[in-house]
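Novice: Give me coordinates for this.
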Amino acid sequence: MKVIAVIPARFASTRFPAKLVQDLCGKPVIVRTYEAALQTQLFDDVFVVTDADEIENAIQAHGGKVIRSQREHESGSDRIAEAVAHLEADIVVNVQGDEPFIVKEPLAQVLEVYRQDVNYEIDLASLMFEITEEAEIANPNNVKVVTDQKGFALYFSRSVIPYPRDTQAGVRYMKHVGIYAFRKQALLDFAQWPMKPLEASEKLEQLRYLEYGKRIRMVETTHVGIGIDTPEDLEKARKLWNQKY
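Specialist: Residues are numbered from 1 along each chain as shown. Next comes the predicted model:
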């Protein structure tokens, strides 16, 4: 089973423009993320996919591998599908470009479900963790997921799911972590499908996979990633980097 990691890296960012080329203790954020993915030793190859000269130059200056996007894309899956169309791979892992503190264990958990998937029932695998605070559960920026008894996703939503009509039912609220491991064919299929109403309404691309019948296996984790979405996050990341290294 050949496994590659792909790091989509857009230069533009609404909340923090050019965040991926900001300095993180001597190297750009995107370079730190690329090197962290390599250091997990989980992947046969790691690529950064970008449409920006600045990001391409930063990665190449540190010996990394870059694939240029040839056109604009509506989603991360579309961008990755274009990038891997002609690459040899069985499983493609989407690593977020603004998470330089990658932890090996949850990625290894996601990949393990494929090694056990002898009947090829899984098209995608992803992560989730439990949230308990009411404000976190109600926050539409936190995407929630519900699963069946085998751990396959039934639905993702920005709304509170399941709705707590019976507060004593003992349900757990699970937040989706946007790290995916795809079978390559699932990505290629996604790029050919038009958007359907559920995805358009929630603005969640993973719903397209469900609407077209793909199966997403969710893996529970206790690890919460450290992303860089604002200048304040970058300052926190610099302090954490100095503490760790």
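Novice: For this protein, just list every one of the helices.
Specialist: 29-39, 53-61, 76-84, 104-115, 134-138, 184-190, 197-202, 206-211, 231-244 (DSSP state H).
Novice: Including mean neighbour count and distance to residue 23, could the ones you listed go into JSON lines?
Specialist: Where C-beta positions appear, they are placed from N, C-alpha and C, glycine not excepted. Shown next, in JSON lines, are the helices of the chain (neighbours: other CB atoms under 10 Å; distance: least, CB to CB, whole Å):
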{"stretch": "helix 29-39", "mean neighbour count": "22", "distance to residue 23": "8"}
{"stretch": "helix 53-61", "mean neighbour count": "17", "distance to residue 23": "11"}
{"stretch": "helix 76-84", "mean neighbour count": "22", "distance to residue 23": "25"}
{"stretch": "helix 104-115", "mean neighbour count": "16", "distance to residue 23": "25"}
{"stretch": "helix 134-138", "mean neighbour count": "12", "distance to residue 23": "31"}
{"stretch": "helix 184-190", "mean neighbour count": "19", "distance to residue 23": "32"}
{"stretch": "helix 197-202", "mean neighbour count": "14", "distance to residue 23": "35"}
{"stretch": "helix 206-211", "mean neighbour count": "21", "distance to residue 23": "33"}
{"stretch": "helix 231-244", "mean neighbour count": "13", "distance to residue 23": "8"}
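Novice: weakest of those helices in terms of mean pLDDT?
Specialist: When those are ranked by mean pLDDT, helix 76-84 comes last with a mean of 89.
Novice: what's in contact with it?
Specialist: With contact meaning CB atoms under 8 Å, 6 or more residues apart in numbering, helix 76-84 is reached by 4, 6, 8, 47, 49, 67, 69-71, 73, 92, 94, 182, 184, 187-188, 190-191, 205, 208.
Novice: what about the residue lying closest to residue 154 once chain neighbours are set aside, neighbour count?
Specialist: Distances taken as CB to CB, 6 or more residues apart in numbering place residue 146 nearest to residue 154, at 4.9 Å, with adjacent residues excluded. By other CB atoms under 10 Å, the residues close to residue 146 number 17.
Novice: Show me which of the contacts of helix 76-84 are buried.
Specialist: When these are checked for burial by 16 or more other CB atoms under 10 Å, the buried set is 4, 6, 8, 47, 49, 67, 69, 73, 92, 94, 182, 184, 187, 190, 205, 208.
Novice: nearest to residue 29, of these?
Specialist: Relative to residue 29, the closest of the buried ones among the contacts of helix 76-84 is residue 8; by CB to CB it sits at 13.7 Å.
Novice: Now do the contacts for the residue nearest the centre of the chain.
Specialist: What sits nearest the mean C-alpha location of the chain, by CA atoms, centre = their mean, is residue 179, with 2.7 Å. Taking CB under 8 Å, 6+ apart, we find residue 179 in contact with 93-96, 106-107, 110, 126-127, 225.
Novice: Can you give me the domain assignment for this protein?
Specialist: 1-98, 103-224 (the TED database).
Novice: Which one of these lies nearest to residue 236?
Specialist: domain 1-98 (11.0 Å).
Novice: Quote the end-to-end distance of the closest one.
Specialist: End-to-end span of domain 1-98 (CA to CA, to the nearest Å): 27 Å.
Novice: Next: stretch 164-177.
Specialist: 22 Å.
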